[in-house]
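Novice: Sharing a model prediction with you, sequence too.
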Amino acid sequence: MKNFKNKIKRRSFMKVASLGMATTALTGFPNILKAANKPIKVGVTTILSGRVAILGQTVLSGMKVAVDEINNAGGIDGRKIEVISRDSKAKPDEAARLTRELVNNEGCEVLLNCEASGATFAVNEVARDIKKFCIHCISETSSLTADPKNRVPWVFRAARQGIHDAVGGGIFASEIAKKNNLKKFATAAPDYAYGRANTAEFMEYLKLFSPDINVTTQTWPKIFQPDYTENITALLNAKPDALYTCLWGGDLVAFIDQASLYGLFDQFQSFAVNLGDLPILTAIKKIPKDVYGGARYHKDIPDTQANEDWYNKYMAGSDVLPTNWSWEADTGMRFLIDALKKTGGDTDPMKLAKATAGNKIKSPFGVDGTMTIRGEDHTLVNYVIAYGRTITKDPYLANIQQSNWKDIYVHEKDWKKRKKYI
Amino acid sequence: MFDFDALINCFGMASCAVNQLTSGLIIGMLLFLVASGLTLIFGVLNVINFAHGTFYMVGAYFAFSTYLFTESYLLSAFVGALGAGIFGIFFERVLISKVYGQDILMQLLVCYAFILITDDLVKLIWGTDYIAMGIPDEFRLAPFRIFGGYVPPLYAFLIILSLVIGILTILLISKTRFGSIVRAAAENSPMVSALGIRVPLYFALLFGLGCALAGIAGALAAPVRSLTPGMGFGILIESFIVTVIGGMGSIPGALIAAIILGLTRSIGSVGFPLFVDGLMFLIMAIVLIFKPTGLFVKGSSK
Amino acid sequence: MSGFTLFKKDISIALFSVIILILIGFFVEHPWPKDFLISIFSFGLLAMSLNMLIGFAGMVSFGHAAFFALGGYAFGLLLQSESFLTNFGALSIIVAFFVSIFITGIYSAVIGAICVRLNEIYFAFLTLAFQMFLYSVIVSWVSLTGGDQGLMGGIARPVFLGIDLSNSLHRYTFCSVIFVICILLLRILNKSNFGYSLRLIRDNQERAEFLGIRVFRVKLICFIIASMVASVGGIIMTLFTSGAYPEWAFWTQSGEAIFMIMLGGISIFLGPLVGTVLLRLINDVVQMYSSHTELVTGIIIMIVVLGLRKGLVEYLLEKTGILKK
C-alpha cells in the first residue's frame, strides 16, 4: 500500500515539475506569472449572526480599509489581497471547522482570526495543527499569548490584552478613588471567561495602587440576558462607593438604560471599561453624566490627521460606526501585509513569523504613531489605552487620559512572574 | 455556591426585600405576557410555537419604529402588539397551519426555519446595530421609595399593565363568544364547523392573539432592553420553562409560574448568583417528574 | 451462527464501507475529505442514535446532545489528567474511550429511568430540562471544565498499538472504523427482536404491553444504548478538535440533530446520515455564496418541510418507486 502511494506521489511530482519547466521555458518569468494571476487569500472567521453580528460587520469593514489601501497600490508584488470570511455563529467548534475549511477548500494561505475568546482558543489549536500563519485580532484574554503553553511559533495577536487594560485602568481608577475617597467597590460582569478574568485583573490592580479598597458585592448576569433588574437592585442594596463593570455591546446598552431607571448612576461612581465604543455611546439615548469609561476606539485619540483619515475611509465603506474590533482587525491586516511585503508574498508560516516577531509598523492607533508586535510573547504593544468621563453630548467622552506604557510594562512583567509565565 | 447569610441579611432589611421582590415581579410579569401567548396557542391549537420569541422581537422592533415617528410610548406598544399579531396570523395561515396535526418535529422544523428567516430580515431592515428606544419622557422620573427600596415608575406601570392584559385575556377566552367558539373548536373542530363557523379563521385569530401578547411584551420592554436580531432566543427558553411549570394551556398557571421564576432570579442574584439558571431547569425537571401536566393543571400525562 | 447469517448482508456492507472509507483516506491527498468525513462521523452518530429513539421507538428527545457532550468531556478530561496518563500509559486512549462510554451509560440510565415513563411532549421537555441542567453545570464548574471556554490546551493522544491519533491519517482511519462499527450495531439492533419490540411500542404501546413486552425496560435500554452511541460521536469530535465545548450540551445542538434526521427522513435507516451530510453541505455552500446564511438556510428548510413533507431520502425513494407509500 505504501509503495503504491509513493509511486503516485512521485508521479504527480514529476507532472508538476515538468509543467513548471514548461512554464519557465515559455515565459521565462514564472514569478511574474504567478503574481499576476493569483491573489493571496486570507481566511477570516468571525461572528456575523446573532446578537453581536454588528461586531463581525465592523471587523470586515475595518479590515477593508487596510486591504483597499494595499490593493489600490498594486498589491504585494502584483498579488492582491483577497479576504474570505465565514460566520462561526460564535461557536468554537464551528470556528475550528470553518478555519480548516477555509484553508483546505478555499485555498486560504494565511489566517486572520476575528473570534471572541472562546472560539479563539479553538482556532489557535487548529493553526498549530495545520501550520498556517495566523494573527488573532479580537481576543483579549491575557493567557492566549502570555502563557507559553498556548503559544504557537507562527501565531500572533494584534489586539488589546486584558492585563494591559487592567494596569492602565487600575492606575486611572485608583487616582479617582483616592481623590473621591472611594473604598467599597461593587462589580457587575457577564458570567463567562472574559467577564471573570477582566474583573479579577482590574480589581487586582486597583487594589495594588490603592490598597485600602475592597470589593463588597459581585453580581454576575448571564451573557445576553435580556434584563438586569435583579443585578441592579442587588447593587443598590449593597450601597457601594463605586461600581466597576465590563459588560459590553448591547448588554451594556440595556444595563445602562435599566440602571438609569433606578437612578443608579446618581448614587455612586461608576466605571464601565467597554463604554467607549461609538455604536454603544450613540445607542444609549440619554447617556448618564460622569461615568468613567475606556475609550475603546475614538477618532480623536490620538488627535492626529492619520486617525481622522482612517475614520473617514472606514465610514466611506461601512454603514455602522467603527468599534474596538474595527481598529484591531485593521491592525491585524496591516501586520500581515507588512510581513508579506517582507517575504515577497511568500506565505510560509515560519518566514512570516520571522517577519512579524518584533515588527513595528506605522499606525494611527499607536501612542506615537507606531505599534509593535513583541517578539518574546507575540502580542501587540504600544497601542492607545485611554480612559475618560462621559458627557451627555457628542462626542460623549471627555477629559480623556492616556495610560503610560512604561507603567504597563513594569506591572505586566511582575504579573507574568507571579503567573510563572517567565 | 450558596450564600445564606447574604439572603438572610437581605430579607432582614426592608429596602433590600422591597428591591428584590419588585424586581422579581417585573421580570416575572413581562415573562408572563410572552408565556401566556405560548400557553394559549398550545392549549387551544395543540401546537408548540417554537418561534414565539420571534414575535417578541418583532413587537419590539415595530414599537421602536413607531416611537421614532410618534414619540408615543403607548401608541408604539399598541402598534408593536398589532404588528406582531398580524405577522403571527400570516405565519399561522401560510406556514404553521400546513403542519397542524402532524408530527411535533415538523412543527419544530417550520418554526426553526421561520426564526432564521425573520432574524435575517430584521437584520436587513433595521441593521445589526444595537438599538435602544430610550426611556419615554413621561417615565423619566425619580424612582418611588418604598421602605427605603427603589421602584421605578415605569416598572410599577408595567407590572399593573401586564396584570390587566393577563386578566383581559383570561376573560376573553372564558367569557366571550370568541372564547367559547375557540374552546369548543379545540375540543371538537368538525362539530363546530358543522355549525357554519369558519374554524380556521378563529384559529388564525387565536394564534395572532398569542403572538400579539409576545409582541406587546417586546414592545413594552423596548425602552429598557436593547434591540438586536436574535433577541427572541433568550426569552423563548424562559417562557418554555414557565409554560411547563404552570401547565401547558393554563394562563393562570403561567402567571404564577412566571412570578416564581422572576423571584427565583431576583432572590438567586443575592443568595446563589452562579446557579440561577441551573436551579430554573431543576425546578422544571422536578415539576415534570412529579406532575408532568404542570402545577396548575388537573390531569395526568398518561 | 444464525445471527451471522441473518446479518451477513449488513456485515458485508459494513466491511465494504470501511474499506472504501480507508481507501479514501489513503489515496486522497487533499485534507478536505478527511476533515469533512470525520465531522460527518461525529454528528452522524449523534443523528443516527437520536433516530434510534425517534424513528425506531417514537421517543422524541430534545436533550440527546447532552450525551454527546458528556462523552466528549469525559474523554477529554481523562486524557488531560496527568495521573490517568501515567497509570494507563500507552493504553490511555482505549481505556478513556470505554470509560467515557461507560460513564455516559450510567448517567443516561439515571436520566432515562426518570424520563422514559413520560409520554411524548413531556418526555421531550424533561430531556430538554436535563440537558440544560448539564449545560449549566458545565458552564459554571469552571475549575473542572474551563466553563464557557471549554477544555483548553489540547488533549494528549499517546500512541497505542502503533496508532498515533495526532496523525491525521491514523485519526481518520481510527474514526472511520469506530463509526462503521457503531452504525452496524444500530443496524443489528434495528433488525433484531429488540428493534421489533421498539416498533411495536412506537405504533401502539398498549398492544405491546398486552403482547408481553416490558415496555419500560425496553425503552430504557433503547435510551441507554442511544446515549452511549451519541457519546462515541462526542469522543470523535473531541479527538478532532482537541477540545470540548459547552455548546455541545446546548439545546441548539439537539435541535440541529433533529433537523438532520428530518432532512434525511426518519423511516429510512440511513436517512439521518444523509441528513447530516445535507445539513453540512447546505451550511457550507450557502456560506460560500451568500452573506445572508440564515435567510437562505431557512428558506431551504421551509421548502423541504412544506414542499416534500418528508425527508429527502424518503421523498426520492417514493418518487423512484423503491419505497411504497
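Specialist: Ah, there it is. Residues are numbered from 1 along each chain as shown, chains lettered A, B, ... in the order given.
Novice: Next up, the contacts around C:Leu78.
Specialist: C:Leu78 is in contact with C:Phe84, C:Ser92, C:Val95, C:Ala96, C:Val99, C:Ser100, counting by Cβ atoms under 8 Å, 6 or more residues apart in numbering or on different chains. Quick note: C-beta positions are derived from backbone N, CA and C, even for glycine.
Novice: how about those in a markdown table, adding secondary structure, distance to chain A and neighbour count?
Specialist: Below are the contacts of C:Leu78 laid out as a markdown table (DSSP: H, G, I helix; E, B strand; the rest coil; distance: Cβ to the nearest Cβ, whole Å; neighbours: other Cβ atoms under 10 Å in any protein chain shown):
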| residue | secondary structure | distance to chain A | neighbour count |
| --- | --- | --- | --- |
| C:Phe84 | helix | 19 | 16 |
| C:Ser92 | helix | 19 | 21 |
| C:Val95 | helix | 24 | 16 |
| C:Ala96 | helix | 19 | 26 |
| C:Val99 | helix | 23 | 15 |
| C:Ser100 | helix | 18 | 26 |
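Novice: Just the mean pLDDT for whichever strand or helix holds C:Gly44, thanks.
Specialist: Per DSSP states H and E: C:Gly44 is located in helix C:31-51. Averaged across helix C:31-51, pLDDT comes to 89.
Novice: continuing past the host helix or strand of B:Ser266, what's the next helix or strand?
Specialist: Using DSSP H and E, B:Ser266 maps to helix B:251-271. Using DSSP H and E, the next helix or strand after helix B:251-271 towards the C-terminus is helix B:276-290.
Novice: Just the buried residues of the next helix or strand after the helix holding C:Gly44, please?
Specialist: Per DSSP H and E, the first helix or strand lying C-terminal to helix C:31-51 is helix C:65-80. Neighbour counts over helix C:65-80 (16 or more other Cβ atoms under 10 Å in any protein chain shown) mark C:65-80 as buried.
Novice: which of those residues lies closest to chain B?
Specialist: Of all the buried residues of helix C:65-80, chain B sits closest to C:Ala66, with 11.5 Å by Cβ to the nearest Cβ.
Novice: For A:Ile373, give me phi and psi.
Specialist: phi -100, psi 110 (degrees, to the nearest 10).
Novice: what pLDDT does it get?
Specialist: pLDDT, A:Ile373: 95.
Novice: thinking again about what came up before, now the helix holding B:Ser266: average pLDDT?
Specialist: 89.
Novice: so, in contact with chain C or not, it?
Specialist: No. Shown here: helix B:251-271 not in contact with chain C (Cβ under 8 Å from any Cβ of the partner chain), separated by at least 12.1 Å.
Novice: helices and strands around that helix, which ones?
Specialist: helix A:229-238, helix B:4-12, helix B:14-45, helix B:153-175, helix B:232-246, helix B:276-290 (3 or more Cβ pairs under 8 Å, 6 or more residues apart in numbering or on different chains; DSSP states H and E).
Novice: To chain C, which of those helices lies closest?
Specialist: It's helix B:276-290; of the helices and strands packed on helix B:251-271, that one is closest to chain C (Cβ to the nearest Cβ) at 3.7 Å.
Novice: B:Gly215 is in contact with B:Ala81, isn't it?
Specialist: Yes. Using Cβ atoms under 8 Å, B:Gly215 makes contact with B:Ala81 at a distance of 4.7 Å.
Novice: any common contacting residues for these two?
Specialist: Contacts common to B:Gly215 and B:Ala81, judged by Cβ under 8 Å, 6+ apart, are B:Gly59.
Novice: Compare the two (neighbour count), which wins?
Specialist: For B:Gly215 versus B:Ala81, neighbours defined as other Cβ atoms under 10 Å in any protein chain shown are more numerous around B:Gly215 (35 against 27).
Novice: Once you drop chain neighbours, what's closest to that one?
Specialist: On the basis of Cβ to Cβ, 6 or more residues apart in numbering or on different chains, the spatially nearest residue to B:Gly215 that is not a chain neighbour turns out to be B:Ala84, at 2.3 Å.
Novice: quick check, the helix holding C:Gly44 touching chain A?
Specialist: Yes. Using Cβ under 8 Å from any Cβ, helix C:31-51 reaches chain A at C:Pro31, C:Trp32, C:Asp35, C:Ser39.
Novice: any bit of that helix sitting next to chain B?
Specialist: No. Against chain B, helix C:31-51 shows no contacts by Cβ under 8 Å from any Cβ, the least distance being 10.8 Å.
Novice: what angle separates that helix from helix C:65-80?
Specialist: 130 degrees (axes from the mean of the first three to the mean of the last three Cα atoms, to 10 degrees).
Novice: got CSV for the contacts of C:Leu78, with distance to C:Leu278 and pLDDT too?
Specialist: Below are those laid out as CSV (distance: Cβ to Cβ, whole Å; pLDDT from 0 to 100):
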residue, distance to C:Leu278, pLDDT
C:Phe84, 39, 85
C:Ser92, 36, 87
C:Val95, 36, 92
C:Ala96, 32, 92
C:Val99, 34, 95
C:Ser100, 29, 95
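Novice: so which of the residues you listed comes closest to B:Phe62?
Specialist: Distances from B:Phe62 to the contacts of C:Leu78, taken as Cβ to Cβ, are shortest for C:Ser100 (49.0 Å).
Novice: ok now do the closest one, which residues does it touch?
Specialist: Applying Cβ under 8 Å, 6+ apart, the residues near C:Ser100 are C:Leu70, C:Gly71, C:Ala74, C:Phe75, C:Leu78, C:Ser231, C:Ile235.
Novice: and the nearest residue to the second one once chain neighbours are set aside, how far is that from C:Phe130?
Specialist: What sits nearest to C:Gly71 in space, not counting adjacent residues and going by Cβ to Cβ, 6+ apart, is C:Ser231, at 2.5 Å. Between C:Ser231 and C:Phe130 the distance is 15 Å, computed by Cβ to Cβ, to the nearest Å.
Novice: So those two - more neighbours on which side?
Specialist: With neighbours defined as other Cβ under 10 Å, C:Ser231 and C:Phe130 compare such that C:Ser231 has more, 32 against 26.
Novice: where's that one, which helix or strand?
Specialist: Per DSSP H and E: helix C:215-241 holds C:Ser231.
Novice: what angle do that helix and helix C:65-80 make?
Specialist: 50 degrees.
Novice: which secondary structure elements does helix C:215-241 contact?
Specialist: Other elements packing on helix C:215-241 under the criterion 3+ Cβ pairs under 8 Å, 6+ apart are helix A:92-104, helix C:31-51, helix C:65-80, helix C:92-115, helix C:168-191, helix C:193-203, helix C:205-210.
Novice: one more time with 6 Å, if that's ok
Specialist: helix C:31-51, helix C:65-80, helix C:92-115, helix C:168-191, helix C:193-203 (3 or more Cβ pairs under 6 Å, 6 or more residues apart in numbering or on different chains; DSSP states H and E).
Novice: The ones you listed: which one's closest to B:Gly166?
Specialist: Using Cβ to Cβ, those put helix C:92-115 closest to B:Gly166, at 32.0 Å.
Novice: tell me which residues of that closest one are tucked away?
Specialist: C:92-93, C:95-97, C:100-101, C:103-105, C:107-108, C:111-112, C:115.
Novice: Kindly report the same for stretch A:69-77.
Specialist: Neighbour-count burial for stretch A:69-77 [16+ other Cβ under 10 Å]: A:Ile70, A:Asn71, A:Gly75, A:Ile76, A:Asp77.
Novice: my guess is the second one contacts A:Lys80, does it?
Specialist: Yes. Under the criterion of Cβ atoms under 6 Å, A:Asn71 lies in contact with A:Lys80, with a separation of 4.9 Å.
Novice: chain center to stretch B:38-53: distance?
Specialist: 11 Å (Cα atoms, centre = their mean, to the nearest Å).
Novice: just to revisit the earlier point, can you pull the contacts of the residue nearest to B:Gly215?
Specialist: Contacts were defined as Cβ atoms under 6 Å, 6 or more residues apart in numbering or on different chains; by that measure B:Ala84 touches B:Phe55, B:Val58, B:Gly59, B:Cys211, B:Ala212, B:Gly215.
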